[in-house]
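> Predicted model follows, preceded by the sequence.
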Amino acid sequence: MMLQGACIDPDILATGETIYLFPAGTDYVYTSRFPCKSTHTGCFPIDRFQAITETETSEWPPEPPKRAVEIELNEVYVAKLVWCWEASKDRCDKEYDVIARGSGSHVDYYPN
């Protein structure tokens, strides 16, 4: 779970700036300018912040198991991308031209 809030103590952070708050136990929060806990700028008492909104963290599905597929090098195939990292989710469920490279275990894909 992630909260967005504003600091009400000018000695800690600039007041009025909206930041992301991540729970750190019951009485503290990690603060970050980005929606990622690993980029936090510090850990502060929760009573120094005013919560604005509460959002659920993304539940992106895990990577499916790899399947052994026989494909020839330098052959062009048409394939539908069924999974990718969340940052590239706009590429999912589209068809691409696929060309195997190297030992055939990796492919390059291009818009169809």
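That came through fine. Keep in mind it's a predicted model, so treat the numbers as computed, not measured. Numbers count the residues shown, from 1 in each chain.

> State the mean pLDDT of stretch 14-34.
Mean per-residue pLDDT for stretch 14-34: 86.

> in it, what's buried?
Neighbour counts over stretch 14-34 (16 or more other C-beta atoms under 10 Å) mark 19-22, 24, 28-32 as buried. C-betas here are computed from N, CA, C, even on glycine.

> can you redo these as TSV with secondary structure?
Output for those, formatted as TSV (DSSP: H, G, I helix; E, B strand; the rest coil):
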residue	secondary structure
Ile19	strand
Tyr20	strand
Leu21	strand
Phe22	strand
Ala24	strand
Tyr28	strand
Val29	strand
Tyr30	strand
Thr31	strand
Ser32	strand
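
> how about JSON lines for the residues you listed, with distance to Glu75 added?
Compiled in JSON lines, these are given as follows (distance: C-beta to C-beta, whole Å):
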{"residue": "Ile19", "distance to Glu75": "51"}
{"residue": "Tyr20", "distance to Glu75": "46"}
{"residue": "Leu21", "distance to Glu75": "51"}
{"residue": "Phe22", "distance to Glu75": "47"}
{"residue": "Ala24", "distance to Glu75": "52"}
{"residue": "Tyr28", "distance to Glu75": "56"}
{"residue": "Val29", "distance to Glu75": "53"}
{"residue": "Tyr30", "distance to Glu75": "49"}
{"residue": "Thr31", "distance to Glu75": "52"}
{"residue": "Ser32", "distance to Glu75": "46"}
